[in-house]
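Asker: need the 3D shape of this:
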Amino acid sequence: MTNEETDTAATTAERGAHGASAKGTSKKAATGKKGAPKAQKTAKGGKKAANPRRAKEVAAPRPESKGAKVLALIRRPKGATLAELAKLTGWQNHSIRGYLSGTIGKRMGLTVESIRREDGERVYSISK
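Answerer: Numbering: from 1, shown residues only. As a prediction, this is how the structure comes out:
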């Protein structure tokens, strides 16, 4: 073939632009990351299944544990101060407040009262 034949319009049109794909552009939406967790499926009727961990009731703490000692102190008629609870358990103040709120209040379902005395000390007790 000569140069004239290779430069004809037909062969130039067949080649197309450099770097262009033969398929064209993809208008496909982005997909989720592979291995990403899937959403939970709902049961028939549109209601989610009950969480099996919540089904069992939380019992009182073991008799000799720090949690049992904390419960004994705050069950007293006059309650217990944060300093008394910290001395008994060796926990930091924020840990004691978290235990009172989370474990005793939410998990055990008991109502913990917090009253500020005249000297500024806070007293925790279980309300009846």
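Asker: per-residue pLDDT, the spatially closest residue to Lys66 that is not a sequence neighbour?
Answerer: Leaving aside its chain neighbours, Lys66 sits nearest to Thr89 (4.6 Å; criterion: CB to CB, 6 or more residues apart in numbering). Where C-beta positions appear, they are placed from N, C-alpha and C, glycine not excepted. Note on Thr89: pLDDT of 94.
Asker: how near is Thr89 to Ser127?
Answerer: Look at Thr89 and Ser127: by CB to CB, to the nearest Å, they are 22 Å apart.
Asker: can you pick out the residue with more neighbours from these two?
Answerer: Between Thr89 and Ser127, counting by other CB atoms under 10 Å, Thr89 is the more crowded of the two (17 against 8).
Asker: and the more buried one, what does it touch?
Answerer: If a contact means CB atoms under 8 Å, 6 or more residues apart in numbering, then Thr89 has Lys66, Lys69, Val70, Ile96 as its contacts.
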